[in-house]
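>>> Sequence unavailable; structure follows:
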């Protein structure tokens, strides 16, 4: 079982939407995809229900509070888990202790943020958790809802690099990320204007995650 965790202490960074993107992308590479919604807001729960409660990706039921609780619930739902399965985890914004525990059990950590100064600064707490848990090599920073023409994007990229975060993945601003969720779809499943850019951005993100999971 591979565990991919999306972690942030600030709302609005797009954790839940990116979790949806990754869960649907992962279906092509894993036999089974599990969604774990540790966030009390329950955004993943709502999306999964709007999608028709599919078996893949499948939501871990009964509102687990930790990865261990989620794993126990998964076994109740489907029996033993195979190595060719993946868990996509949407964490709460707090407390840090719960985020720390989830990060410690993950094979890949994603830190999403918008390209604003408060968003980038708010990532410091997660960055420290990543360092404390020795997860620097498996952590991916994502600048979400980015406008390539805006100077804030370059400032955010420079700040991430200055703090040792390397080059982040950029996800462009696109209304399809919002409308897809309302339809119970993943953004990369949408068609029409702007859909090629969305598909390309999600493909780059999933490729980076897969590379981390494969040890590349």
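Now that the structure is in, tell me what you want to look at. Since the structure is predicted, the reported quantities are computational estimates derived from the model, not experimental observations.
>>> Please make it C-alpha for all contacts and neighbour counts, starting now.
Fine.
>>> Strands of this protein, start to end?
2-6, 32-37, 58-59, 85-90, 108-113, 139-146, 169-172 (DSSP state E).
>>> May I see the ones you listed organised as JSON lines, with mean pLDDT, mean neighbour count and distance to residue 162 added?
Listed next are these as JSON lines, based on pLDDT from 0 to 100; neighbours: other Cα atoms under 10 Å; distance: least, Cα to Cα, whole Å:
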{"stretch": "strand 2-6", "mean pLDDT": "97", "mean neighbour count": "23", "distance to residue 162": "22"}
{"stretch": "strand 32-37", "mean pLDDT": "96", "mean neighbour count": "25", "distance to residue 162": "32"}
{"stretch": "strand 58-59", "mean pLDDT": "96", "mean neighbour count": "22", "distance to residue 162": "37"}
{"stretch": "strand 85-90", "mean pLDDT": "96", "mean neighbour count": "24", "distance to residue 162": "27"}
{"stretch": "strand 108-113", "mean pLDDT": "96", "mean neighbour count": "26", "distance to residue 162": "16"}
{"stretch": "strand 139-146", "mean pLDDT": "94", "mean neighbour count": "23", "distance to residue 162": "13"}
{"stretch": "strand 169-172", "mean pLDDT": "95", "mean neighbour count": "20", "distance to residue 162": "16"}
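>>> which other helices and strands contact the longest helix anywhere in the chain?
Across the chain, the helix with the greatest residue count (assigned by DSSP state H) is helix 195-213. In terms of contacts (3 or more Cα pairs under 8 Å, 6 or more residues apart in numbering; DSSP states H and E), helix 195-213 is packed against helix 15-26, strand 108-113, strand 169-172, helix 176-182.
>>> quick one on the thing from earlier: would JSON lines of the strands of the chain with distance to residue 119 be doable?
Listed next are those as JSON lines, based on distance: least, Cα to Cα, whole Å:
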{"stretch": "strand 2-6", "distance to residue 119": "15"}
{"stretch": "strand 32-37", "distance to residue 119": "22"}
{"stretch": "strand 58-59", "distance to residue 119": "28"}
{"stretch": "strand 85-90", "distance to residue 119": "18"}
{"stretch": "strand 108-113", "distance to residue 119": "6"}
{"stretch": "strand 139-146", "distance to residue 119": "10"}
{"stretch": "strand 169-172", "distance to residue 119": "14"}
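>>> Go through those and name the closest to residue 215.
strand 108-113 (10.2 Å; Cα to Cα).
>>> quick one on the thing from earlier: any chance of the helices and strands packed on helix 195-213 in JSON lines, with distance to residue 91 too?
JSON lines is the format used below for these (distance: least, Cα to Cα, whole Å):
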{"stretch": "helix 15-26", "distance to residue 91": "8"}
{"stretch": "strand 108-113", "distance to residue 91": "11"}
{"stretch": "strand 169-172", "distance to residue 91": "20"}
{"stretch": "helix 176-182", "distance to residue 91": "18"}
